[in-house]
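S.K.: Let's see this in three dimensions:
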Amino acid sequence: MTLYHTVQTILLHNAKAWTLKKDHKRKLRVFKMSALKRISGITRRDRRRNVDIKEELEIKLDIVQRLQRRRLTYFGHVARMSNNR
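M.R.: Alright, predicted model coming up:
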């Protein structure tokens with residue numbers, strides 16, 4: 001699944017500075033599933049549920065959850081910086 005991780009890394013580049021709205025979250029989730037299906041060779045004719053695809057590919061975190069983790073990590077770095085910086 002290295003191709004998916006590459007796509008995800010590029011997609012979330014500099015994401016720690018994004019302002020997320022509901023519509024943005026929805027679009028990220030839709031893109032993630034379309035990328036997963038395309039990489040896996042799954043078409044709409046296969047009529048597979050997203051939950052089943054994620055389970056089969058062992059994807060545990062949602063793209064929005066992964067983004068929020070990155071933002072919290074970045075916040076931790078900023079919070080620990082000295083005031084002189």
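
S.K.: Any buried residues in the helix or strand containing Thr73, and which?
M.R.: With elements taken from DSSP states H and E, the one containing Thr73 is helix 63-80. The neighbour-count check on helix 63-80 (16 or more other Cβ atoms under 10 Å) flags Ile63, Arg66, Leu67, Gln68 as buried. C-beta here means a position set from N, CA and C on the backbone, and glycine is covered the same way.

S.K.: Check stretch 29-43 too.
M.R.: Lys32, Ala35, Leu36, Lys37, Ser40, Ile42.

S.K.: what secondary structure does the residue nearest to the fourth one when sequence neighbours are not counted sit in?
M.R.: Across the structure, with Cβ to Cβ, 6 or more residues apart in numbering as the measure, the residue nearest Lys37 apart from its sequence neighbours is Ile53 (6.8 Å). Secondary structure of Ile53, reduced to three states by DSSP: H, G, I helix; E, B strand; the rest coil: helix.

S.K.: contacting residues for the residue nearest the centre of the chain?
M.R.: The residue lying closest to the centre of the chain (Cα atoms, centre = their mean) is Ile63, at 2.5 Å. Taking Cβ atoms under 8 Å, 6 or more residues apart in numbering as the criterion, Ile63 is in contact with Gln8, Leu11, Leu12, Leu28, Arg29, Phe31, Lys32.

S.K.: hmm, try it at 6 Å
M.R.: Residues in contact with Ile63, defined by Cβ atoms under 6 Å, 6 or more residues apart in numbering, are Leu28, Lys32.
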